[in-house]
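K.L.:
Let's see this in three dimensions:
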Amino acid sequence: YPEDLCASASLVEAGYAGGVPMGADLPPRPEGAVAPSFVVSAMRDPGTPGHPGTELQRAQIVKGWVDDEGHFHQAVFDVAGGANDAGVDLATCEPRGPGHDALCSVWTDPDFDPDQRAVYYVRVLENPSCRWNQLQCLELPADERPSGCEDPSVPKQIQERLWTSPIWYEGASAG
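P.N.:
Prediction:
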């Protein structure tokens, strides 16, 4: 895929024409071929006027593989967005800091081994937001809130995420 594919109006068509969809098998690479490239595109949930969706923080590709000794390994690659100073004001549940309405990237596995089986999936993280229990606590007057609203062992924020179906690679030597 070309590196500027994210700017193309035909991104989806190009992705399906030149690759495999989520949940599919990536065919073995021909002799001398370079590592596979992946197109990652995600858009935030727009929500509703009263409850807008949360901005996106980052998109990641997670790669898993088993080595020759049978040990499972995992590597996580930030492919779009990244760490930011976003957060949430727990007293009001108002979001703070930067985020993205959409993330897109073309990524090539820098450690690709054509003989090794692997699995790839995409994970997208939103900026932090208030957890459901904190939203409910804030709906009550301060003097009517149950003790759980101040319990430090109960999380008050969450970082929602999504993940895709995997793409499997059997390796050139799989038989």
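K.L.:
what's in contact with the helix or strand of the chain with the lowest mean pLDDT?
P.N.:
The helix or strand of the chain with the lowest confidence, counting by mean pLDDT, DSSP states H and E, is helix 11-18 at a mean of 88. The contact list for helix 11-18, computed with C-beta atoms under 8 Å, 6 or more residues apart in numbering, reads 1, 5, 8, 39, 41, 104. The C-beta positions use only the backbone N, C-alpha and C, and glycine is treated the same way.
K.L.:
Closest one to residue 48 out of these, please.
P.N.:
residue 41 (23.2 Å; C-beta to C-beta).
K.L.:
And residue 83, how close does it get to residue 98?
P.N.:
11 Å (C-beta to C-beta, to the nearest Å).
K.L.:
Would you mind telling me which of those two has the busier surroundings?
P.N.:
Each of residue 83 and residue 98 has its neighbours counted (other C-beta atoms under 10 Å); residue 98 has more, 12 against 8.
K.L.:
quick one: low-confidence parts of the protein?
P.N.:
Within the chain, the ranges that satisfy pLDDT under 70 run 173-175.
K.L.:
so where do the strands sit in it?
P.N.:
Assigned by DSSP state E, the strands in the chain fall at 25-26, 37-43, 56-66, 72-81, 87-89, 94-96, 102-108, 118-126, 129-130, 157-158, 161-163, 167-169.
K.L.:
Identify whichever of those lies nearest to residue 19.
P.N.:
For residue 19, the closest of those is strand 37-43, at 7.1 Å, according to C-beta to C-beta.
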